[in-house]
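Student: here is a sequence together with a model predicted from it:
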Amino acid sequence: MIRTGRLACPDAGIGVLDVVRGPAYRGHPSFLEAMTMTLSPAATPGNIPRRTLAVAAAACVLWSPSRLHAARAMPSLDGAVGWLNSSPLTAQALRGKVVLVDFWTYSCINWQRTLPHVRAWADRYQDRGLVVIGVHTPEFSFEKDVDRVRQAAAQFRIDYPIAVDSRRAVWDAFGNRYWPALYFVDARGRIRHHHFGEGDFERSEKVIQQLLMEAGAKDVPMDPVRVTGTGSQAPADWAHLRTPETYVGRDRAANFASAGGMVLGRTARYAAPDRLRPDTWALAGDWTVGREAALLDGAHGRIVHSFHARDVHLVMGPAAPGKPVPFRVRLDGQPPGPAHGADIDAQGRGVLAEHRLYQLVRQPGPIHDRVFEVEFEKPGIEAYAFTFG
């Protein structure tokens, strides 16, 4: 199903394929992925009919910063359970400021790849009247913990105000559905623009610049900031990204390949098949599959996943605080070597010490179909979701 939300059309000089490729949202395919899945299970970005691209382009409304519209008033932030880096802020107190509201959840790879831009905008435009507010709305249960949000904010070097929205009250007030989601509020307190998902950073910055000028700011820089993300915050390799996000918990699991399927809520012994079809995954060992995660009960357990992408990430953590669990990653049965991610070494060794997104693979060379495997040497790990880049 094609997701809802505004589809931004290109300025002159941007190709139609860039439009339909679109941003990626947590838990949703890009517009291009959704379109190709709707057309045919075998469709890929490289073989979309030219007529389809033309239809997608015709469906867009040409956009420019000068055509920003007046919309609804900014909803209340009063539902936040706490604030970090600031005393509580209200929509009324923010009148006269241009406000960028960024909905995030710290384990989300799409948000992590957006963060360098949001952080740069906060630094560049704060003296000209911009206030950036990060609204942390959790996707997984472990992200409701305020101390974990505080730790994540420190790790990601976020010093702008954060509304801790663990009950989703602010999320509901905005009617939001995506991570990340950006809402651009003018100095009169009206939402004038929004952007769902990652990407379109120059266009988003143009919106900030125009709203600041409308508010009377002087000497607003009109060139875009130059941002280079590193680690998990580096841009995805969209040209080679074929494998969709994979949830491990029963509620949203798909493409599960262990024989007999999943057993919900009790320990079961799983085995991985000798061969995996593209974009499928399996458990091996004794696991309890819950609604949002799988818990390893046995002394040894594995997760295997066939994929086509440059990067592999896995959201996971130890079930018991203070009890790190060592693990090892293999690609096609071998140590990853130079393809290791930031959270493991060239031999594939890593340690699971906290609940977060772990970057396990970043391939430097040609991208092709591969099989990823992570093996845990102790029980008590919780695995939530794979993401790719």
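Tutor: That came through, no problem.

Student: what number of residues lie near Met222?
Tutor: Other residues near Met222 number 10, with proximity taken as other C-beta atoms under 10 Å. For every residue, glycine as well, the C-beta is placed using N, CA and C.

Student: same deal with the one 4 residues further on?
Tutor: For Arg226, the count of nearby residues is 6 (other C-beta under 10 Å).

Student: now it: how far from Val220?
Tutor: Plainly put, Arg226 is 17 Å away from Val220 if you go by C-beta to C-beta, to the nearest Å.

Student: Pro75 now?
Tutor: 27 Å.

Student: let's verify the residue positioned nearest the centre of the chain: helix, strand, or coil?
Tutor: The residue lying closest to the centre of the chain (C-alpha atoms, centre = their mean) is Asn110, at 2.4 Å. Following DSSP: H, G, I helix; E, B strand; the rest coil, Asn110 is assigned to helix.

Student: that one contacts Pro180, correct?
Tutor: Yes: between Asn110 and Pro180 there is a contact under C-beta atoms under 8 Å: 6.0 Å.

Student: now do the SS call for the residue lying closest to Gln209 once chain neighbours are set aside.
Tutor: In space, and not counting its chain neighbours, Gln209 is closest to Val220: 5.3 Å by C-beta to C-beta, 6 or more residues apart in numbering. Under three-state DSSP, Val220 falls in the coil class.

Student: and Val220, how far from Arg128?
Tutor: The value you get for Val220 to Arg128, if C-beta to C-beta is used, is 6 Å.

Student: which neighbours do those two share?
Tutor: Residues touching both Val220 and Arg128 (C-beta atoms under 8 Å, 6 or more residues apart in numbering): Leu212.

Student: domain parsing for the chain?
Tutor: 1-63, 65-220, 238-388 (automatic domain parsing).

Student: mind putting those in a markdown table, mean pLDDT included?
Tutor: A markdown table is the format used below for those (pLDDT from 0 to 100):
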| stretch | mean pLDDT |
| --- | --- |
| domain 1-63 | 35 |
| domain 65-220 | 96 |
| domain 238-388 | 97 |
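
Student: how about the ones you listed in a markdown table, adding distance to Thr230?
Tutor: Output for the domains of the chain, formatted as a markdown table (distance: least, C-beta to C-beta, whole Å):
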| stretch | distance to Thr230 |
| --- | --- |
| domain 1-63 | 19 |
| domain 65-220 | 9 |
| domain 238-388 | 9 |
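
Student: and Leu130, what does it touch?
Tutor: Counted by C-beta under 8 Å, 6+ apart, Leu130 has contacts Lys97, Val98, Val99, Leu100, Trp121, Ala122, Ile208, Leu212.

Student: how about a cut-off of 6 Å?
Tutor: Residues in contact with Leu130, defined by C-beta atoms under 6 Å, 6 or more residues apart in numbering, are Val98.

Student: do the one 10 residues further on as well
Tutor: If you count contacts by C-beta under 6 Å, 6+ apart, Phe140 has them with Glu292, Tyr384.

Student: do the same with Tyr358
Tutor: Tyr358 neighbours (C-beta under 6 Å, 6+ apart): Leu314, Asp343.

Student: what pairs with it across the strands?
Tutor: Note on Tyr358: beta-bridge partners by DSSP bridges are Leu314.

Student: what about it, distance to Gly341?
Tutor: For Tyr358, the distance to Gly341 - C-beta to C-beta - is 7 Å.

Student: what do you get for Phe256?
Tutor: 24 Å.

Student: give me the more crowded residue out of those two.
Tutor: Using other C-beta under 10 Å, the more surrounded residue of Phe256 and Gly341 is Gly341, with 22 against 16.

Student: find the nearest non-adjacent residue to that one, please.
Tutor: Gly341 sits nearest to Gln359 (C-beta to C-beta, 6+ apart), 3.8 Å away.

Student: what residues are up against the one you found?
Tutor: If you count contacts by C-beta under 6 Å, 6+ apart, then Gln359 has Ser232, His313, Gly341, Ala342, Asp343 around it.

Student: tell me which two in those are the farthest apart.
Tutor: Using C-beta to C-beta, the two most remote members of those are His313 and Ala342, lying 9.8 Å apart.

Student: more neighbours: those two, which one.
Tutor: Each of His313 and Ala342 has its neighbours counted (other C-beta under 10 Å); His313 has more, 26 against 15.

Student: now the more buried one: closest residue in space that isn't a chain neighbour?
Tutor: Thr387 is the one closest to His313 (C-beta to C-beta, 6+ apart), at 4.6 Å.

Student: please apply the same query to Ala299.
Tutor: Nearest to Ala299 is Pro379, by C-beta to C-beta, 6+ apart, at 6.0 Å.

Student: assumed that neighbour was part of a strand.
Tutor: No: read with three-state DSSP, Pro379 is coil and lies in no strand.

Student: please name the residues that touch Ser232.
Tutor: Gln112, Gln359.

Student: how much space between it and Val312?
Tutor: Ser232 is 11 Å from Val312, by C-beta to C-beta.

Student: touching, Ala294 and Tyr247? I think so.
Tutor: No: contact criterion C-beta atoms under 6 Å: Ala294 and Tyr247 do not qualify, at 10.0 Å.

Student: in the stretch 201-350 of the chain, which spans are helices?
Tutor: For the stretch 201-350 of the chain, applying DSSP state H, counting those that start in this stretch gives helices covering 201-214.

Student: the stretch 51-200 of the chain too?
Tutor: 109-125, 146-155, 169-174.

Student: just say which of those is most tucked in.
Tutor: helix 109-125 (a mean of 22; mean count of other C-beta atoms under 10 Å).

Student: can I get that helix as PDB, trimmed to CA atoms?
Tutor: Extracted in PDB, the C-alpha atoms of helix 109-125 (Å, rounded to 0.1, in the frame of the first residue of the first chain):
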ATOM      1  CA  ILE A 109      18.000   4.700  11.300                       C
ATOM      2  CA  ASN A 110      16.000   7.100   9.200                       C
ATOM      3  CA  TRP A 111      16.100   9.600  12.000                       C
ATOM      4  CA  GLN A 112      19.800   9.000  12.700                       C
ATOM      5  CA  ARG A 113      20.600   9.900   9.000                       C
ATOM      6  CA  THR A 114      18.500  13.100   9.300                       C
ATOM      7  CA  LEU A 115      20.100  14.200  12.600                       C
ATOM      8  CA  PRO A 116      23.300  15.800  11.200                       C
ATOM      9  CA  HIS A 117      21.100  18.200   9.200                       C
ATOM     10  CA  VAL A 118      18.800  19.100  12.000                       C
ATOM     11  CA  ARG A 119      21.700  19.700  14.400                       C
ATOM     12  CA  ALA A 120      23.400  21.900  11.800                       C
ATOM     13  CA  TRP A 121      20.200  24.000  11.300                       C
ATOM     14  CA  ALA A 122      19.800  24.400  15.100                       C
ATOM     15  CA  ASP A 123      23.400  25.700  15.300                       C
ATOM     16  CA  ARG A 124      23.300  27.900  12.200                       C
ATOM     17  CA  TYR A 125      19.900  29.600  12.700                       C
END
